[in-house]
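[1] Coordinates for the following, if possible.
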Amino acid sequence: MSNYKLVHVCASPFPQIVDMRCLEPFQTIKLTQTIPRFQKVIQRGRFSLLILSLAYLCSACNASEAESSGKEAGKKRAVPVVVTTATQKTIPIQLSATGTVEAYSTVSVKSQVGGQLTGVYFRQGQNVKKGDLLFKIDSRPLQAALMQANAAKAKDLAQVKQAQANVLKAIAQVNQAKANVVKDKAQATNADAQAQRYTSLLKQGAISKEQAEQYQTSADAQQATVEADRGGVANAQAAVAAAQADVQNAQAAVASDEAAIDNAKVQLSYSSIYSPIAGRTGSLKLNQGNLVQANATDPLMTISQIRPIYVNFSIPQRLLPDIKKYSANNGKLEVDALPPKDAGHPVRGELTFVDSGVNTQTGTIQLKGTFANTDERLFPGQFVNVVLKLSEEPNAITIPSQAVQSGQQGQFVYVVKPDKTAEMRPITVGDTVGNETVIKQGLKSGEEVVIDGQFNLVAGTTVQVKPKVGSREPEGK
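    Residues are numbered from 1 along each chain as shown. Reported below is the predicted structural model:
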């Protein structure tokens, strides 16, 4: 009989019995010598201990075989996964931030005249156009002031006409005085000639001395009359100047009246308040029937222009050189605003403002994008996600971000090879745009990567491709 050593205990319905298949030749031991030895063990009461040891060895052997067979079966069993194809396309280079929507312009509507509010011609929160009537204030006192200014003008116009008539009268008096000067001068010349002739006759002794003196006195009187007439001309000319001054005063009064009329018209126009811009009205502070104060501290209401509209956001100062570079190369940069719960439909605008300085407390710089907002999806004060598009990266390899895994050696993806086995492929990732990640190295366009089921995979695992949720593709494609 051969000699054996115990290698492992095989599975048996009777673990107390040693299966001879589990023995292999070890050394030369005579069976005749072995049986007596067992008999001695039994006699010493140790047989039960030996049976328990053999049973333990059988259990350990079974577990080892089960683990080894489980690993082999795991590699052969197909693991269900969902895959997608790496694509090559143009990817935008973007910056993301959180922004605040700001009205393009805001106007606080106040009354410039006091009085009773007699009419409100809009609803709170209503969109109004530029020039729409908003309020009416009692205009009767202002209309009376306008009528009074018109009456004062009419009175001063009459005074102008009277002054102009006085000028004409004074001019006529000047002309009359000048005519008198001419007449009296002629008479004085004649009287002087008579006086000289009679003086000559007196020297000849043809007339008496009294007669000669009489003609000389008459000549002197005519000369005095001429001088008086000349004084009358000067007085008449002075009267003309005074009358002309009266005309100018009256005309100045008329001009003042016209200014008063214009002011009264302006004040009267303030009684009707119109919208200065197109926008949306805010809450109404005073209702119809209340008294309104001129230029009160609190406005009657506020209008916000929301078409177009601003979005304020900030970026780190280290990104400012990129903004300048891409702005110089591409002109105005595109900005997308993503409203809450509607991120799938961004609102498109453009970058229109870069602040002149960096905020020293936060190390950021403020930017503004302008949006047409024709559908009014953006509202002042609203928080939105902002995406600033700087440029584009052509021919980039992209995959869904959920396909990228992280391990001790870095980031990797599972690539499904043509034989339907998984390959753990190290990759170098670039920017992430939305739900897609750019792969710099490690993948080619057209390769299939696992996007669901990675946690059940190891290198070399056989996979079974499942269709995506909502896809009608058959399994195992």
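
[2] give me phi/psi at Lys209?
    For Lys209, the backbone dihedrals (degrees, to the nearest 10) come out as phi -70, psi -30.

[3] Identify the residue nearest it in space, chain neighbours excluded?
    Leu202 (6.1 Å; Cβ to Cβ, 6 or more residues apart in numbering). Using the backbone N, CA and C atoms, a C-beta is placed for each residue, glycine as well.

[4] Would you map the strands across the stretch 351-477 of the chain?
    364-371, 383-400, 405-407, 410-416, 422-426, 428-433, 436-441, 448-452, 463-466 (DSSP state E, counting those that start in this stretch).

[5] Alpha carbons of the fifth one, as PDB, please.
    Backbone C-alpha positions of strand 422-426 (Å, rounded to 0.1, in the frame of the first residue of the first chain) are rendered in PDB as follows:
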ATOM      1  CA  ALA A 422     -13.200  47.100 -20.500                       C
ATOM      2  CA  GLU A 423      -9.900  48.900 -20.600                       C
ATOM      3  CA  MET A 424      -8.900  51.300 -17.800                       C
ATOM      4  CA  ARG A 425      -7.400  54.200 -19.800                       C
ATOM      5  CA  PRO A 426      -5.500  57.100 -18.100                       C
END
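
[6] Pull out the buried residues from it.
    Neighbour counts over strand 422-426 (16 or more other Cβ atoms under 10 Å) mark 422-425 as buried.

[7] So which of those is the closest to Thr118?
    Arg425 (79.0 Å; Cβ to Cβ).

[8] packing partners for the helix or strand hosting Ala195?
    Element membership for Ala195 (DSSP states H and E) is helix 140-204. Judged by 3 or more Cβ pairs under 8 Å, 6 or more residues apart in numbering; DSSP states H and E, helix 140-204 is in contact with helix 209-269.

[9] picking up where we left off before, adding distance to Asp336 and mean pLDDT, write the strands of the stretch 351-477 of the chain out as a markdown table.
    Output for the strands of the stretch 351-477 of the chain, formatted as a markdown table (distance: least, Cβ to Cβ, whole Å; pLDDT from 0 to 100):
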| stretch | distance to Asp336 | mean pLDDT |
| --- | --- | --- |
| strand 364-371 | 9 | 96 |
| strand 383-400 | 4 | 92 |
| strand 405-407 | 29 | 92 |
| strand 410-416 | 28 | 94 |
| strand 422-426 | 33 | 94 |
| strand 428-433 | 12 | 86 |
| strand 436-441 | 16 | 92 |
| strand 448-452 | 26 | 94 |
| strand 463-466 | 34 | 91 |
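
[10] Okay, and the beta partners of the residue nearest to Val413 when sequence neighbours are not counted?
    Once flanking residues are discounted, Val413 sits nearest to Val449: 4.7 Å by Cβ to Cβ, 6+ apart. In this entry, Val449 is beta-bridged to Thr84, Val415, by DSSP bridges.

[11] Val449 and Val384: what is the separation?
    Noted for Val449: a distance of 33 Å to Val384, by Cβ to Cβ, to the nearest Å.

[12] likewise Ala152?
    According to Cβ to Cβ, Ala152 and Val384 sit 60 Å apart.

[13] Verify the stated contact: the residue nearest to Lys209 with Glu210.
    No - when contacts are counted by Cβ atoms under 8 Å, Leu202 is not listed as touching Glu210 (9.6 Å).

[14] okay, these two: which has more neighbours?
    Leu202 (18 against 8; other Cβ atoms under 10 Å).

[15] Who are the contact partners of that one?
    With contact set as Cβ atoms under 8 Å, 6 or more residues apart in numbering, Leu202 has these partners: 208-209, 211-212.

[16] just checking, Asn312 is part of a strand?
    Yes - using DSSP: H, G, I helix; E, B strand; the rest coil, the assignment for Asn312 is a strand.

[17] Which pLDDT value belongs to it?
    Asn312 is assigned a predicted lDDT (pLDDT) of 97.

[18] Around it, count how many other residues there are.
    16.

[19] give the contact list for it.
    Taking Cβ under 8 Å, 6+ apart, we find Asn312 in contact with 99-102, 366-368.

[20] and if you look at Ile91?
    Each residue near Ile91 by Cβ under 8 Å, 6+ apart is listed here: 392-393, 396, 398, 431, 433, 436, 438.

[21] just the buried members of those?
    Applying 16+ other Cβ under 10 Å to the contacts of Ile91 flags 396, 398, 433, 436, 438 as buried.

[22] Nearest to Lys136 among those?
    Closest to Lys136, out of all of the buried ones among the contacts of Ile91 and judged by Cβ to Cβ, is Val433, at 55.3 Å.

[23] Identify the bridge partners of the residue nearest to the closest one when sequence neighbours are not counted.
    Here the nearest residue to Val433 in space, its sequence neighbours aside, is Ile91; by Cβ to Cβ, 6+ apart that works out to 5.6 Å. In this entry, Ile91 is beta-bridged to Glu393, by DSSP bridges.

[24] How much space separates Ile91 from Lys185?
    Distance, Ile91 to Lys185, by Cβ to Cβ: 111 Å.

[25] from what I can see Gln222 touches Asp184, true?
    Yes - under the criterion of Cβ under 8 Å, Gln222 makes contact with Asp184 at 6.5 Å.

[26] before we move on, the earlier item: mind picking the two most distant members of the buried residues of strand 422-426?
    Spanning the widest gap among these are Ala422 and Arg425, at 9.5 Å by Cβ to Cβ.

[27] Could you tell me which residues touch both of those two?
    414-415.

[28] Tell me how many other residues crowd Leu157.
    Other residues close to Leu157 by other Cβ under 10 Å number 15.

[29] Give me the pLDDT for it.
    93.

[30] coming back round to it: got the contacts of Ile91 as JSON lines, with distance to Ala163 columns?
    As requested, these are exported to JSON lines (distance: Cβ to Cβ, whole Å):
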{"residue": "Glu392", "distance to Ala163": "82"}
{"residue": "Glu393", "distance to Ala163": "86"}
{"residue": "Ala396", "distance to Ala163": "90"}
{"residue": "Thr398", "distance to Ala163": "92"}
{"residue": "Asp431", "distance to Ala163": "87"}
{"residue": "Val433", "distance to Ala163": "85"}
{"residue": "Glu436", "distance to Ala163": "90"}
{"residue": "Val438", "distance to Ala163": "91"}
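
[31] Greatest separation within those residues: which pair is it?
    Glu392 and Glu436 (13.8 Å).

[32] Quick one: residues contacting Leu351.
    So Leu351 contacts 323, 327, 332-335, 367-369, 388 (Cβ under 8 Å, 6+ apart).
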